[in-house]
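Asks: Sharing a model that was predicted from the sequence below.
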Amino acid sequence: MPTAIQVRRTGGPEVLEVADIELGPPAPDQVLVDVAAAGVNYIDTYHRAGVYPVELPFVLGQEGAGTVAAVGADVTDLAVGDRVAWQGCFGGYAQQALVPAELAVKVPGSVSDEVAAATLLQGVTAHYLVSSTYPVSEDDTVLVHAAAGGVGLLLVQLAKARGARVIGTVSTAEKEELARKAGADEIIRYTERDFASAARELTGGEGVAVVFDGVGKSTYEASLASLRPRGLLALFGAASGAVPPVDPQQLNAGGSLYLTRPKTADYTRTRAELTWRTDELFSAITSGLLHIRVGHRYPLAEAARAHEDLEGRRTSGKLLLLPPAS
């Protein structure tokens, strides 16, 4: 039986248990994948803690890459031996996973399993944020919070590729260096100065066109204060906690501001939309336009440590779990 990280009760990282699980054959619309690498994402901590309720018990992890070991009867575009990556279904923290075929995309030969596993969830998030939530252009100045984090590094690169001026927020000199290497034009150390005031100074008092904010509660007010009139706050995460209820008059007073809370499922509603995004990401990786930084790798059994490091903000780039060969 394959080994997996199972959640039997919600709570802190200590509830993550190494367990042997039984996986039957794939359903007609599924593929069975030998997992080579699983991505660790902040949303996993919400599922583990019960912030986003999930029926117990369950195998954690919504992203991974590996090789197809078996296909369901109705699957026609994937075959045993294909290398695939996916995001959006549970079961990734394991040696093997059953994945809906509609979520699995083929991985080009030029992209490794680790890079593929590090790309899908955060890469698709960054792609829809800069191309659909707010189509970034060369006339824009954008603010990216946690610019040295997994999504942040991708947002910086993709926004720069679209010609924008990018301001990033970070907490340390090491993270500043990473964000600058990714292409950030300006860096604000939010531990040393008010980032809203700094963003306005850097834009001649005007404010930025869009703030990409995956932090949430601790940055929300100042993110709004960083925007130009009719600017957009794209609140795509809540690493510091949930934002309190919003008074729409605050958007009015800030200059007819826009606020959105996007999620991946609404930006990958069709197979065609999903593959458009992943094809563009893999193409950018292959061409050297987009660099995926794997910051930390952990054995599967050390998933709890990965969560501790992620929530303790001791990481940069992508975190991966590497299952033992099945």
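Replies: Received it, and whenever you're ready, just let me know what you need. Numbering: from 1, shown residues only.

Asks: Can you list the residue ranges for strands in the stretch 101-250 of the chain?
Replies: In the stretch 101-250 of the chain, the strands defined using DSSP state E, counting those that start in this stretch lie at 105-106, 141-144, 165-170, 186-189, 208-213, 227-235.

Asks: Which residue ranges of the stretch 101-250 of the chain form helices?
Replies: For the stretch 101-250 of the chain, the helices defined by DSSP state H, counting those that start in this stretch occupy 113-128, 150-161, 173-182, 195-202, 220-225, 248-253.

Asks: Just send these back as JSON lines, with distance to residue 144, mean neighbour count and mean pLDDT too.
Replies: Bear in mind the C-beta positions are built from the backbone N, C-alpha and C, glycine included. Compiled in JSON lines, the helices of the stretch 101-250 of the chain are given as follows (distance: least, C-beta to C-beta, whole Å; neighbours: other C-beta atoms under 10 Å; pLDDT from 0 to 100):
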{"stretch": "helix 113-128", "distance to residue 144": "10", "mean neighbour count": "26", "mean pLDDT": "96"}
{"stretch": "helix 150-161", "distance to residue 144": "5", "mean neighbour count": "26", "mean pLDDT": "96"}
{"stretch": "helix 173-182", "distance to residue 144": "8", "mean neighbour count": "18", "mean pLDDT": "95"}
{"stretch": "helix 195-202", "distance to residue 144": "11", "mean neighbour count": "19", "mean pLDDT": "97"}
{"stretch": "helix 220-225", "distance to residue 144": "11", "mean neighbour count": "21", "mean pLDDT": "97"}
{"stretch": "helix 248-253", "distance to residue 144": "21", "mean neighbour count": "11", "mean pLDDT": "97"}
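
Asks: is it possible to export the strands of the stretch 101-250 of the chain to TSV including distance to residue 119 and mean pLDDT?
Replies: TSV is the format used below for the strands of the stretch 101-250 of the chain (distance: least, C-beta to C-beta, whole Å; pLDDT from 0 to 100):
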stretch	distance to residue 119	mean pLDDT
strand 105-106	10	98
strand 141-144	18	98
strand 165-170	20	98
strand 186-189	24	97
strand 208-213	18	98
strand 227-235	20	98
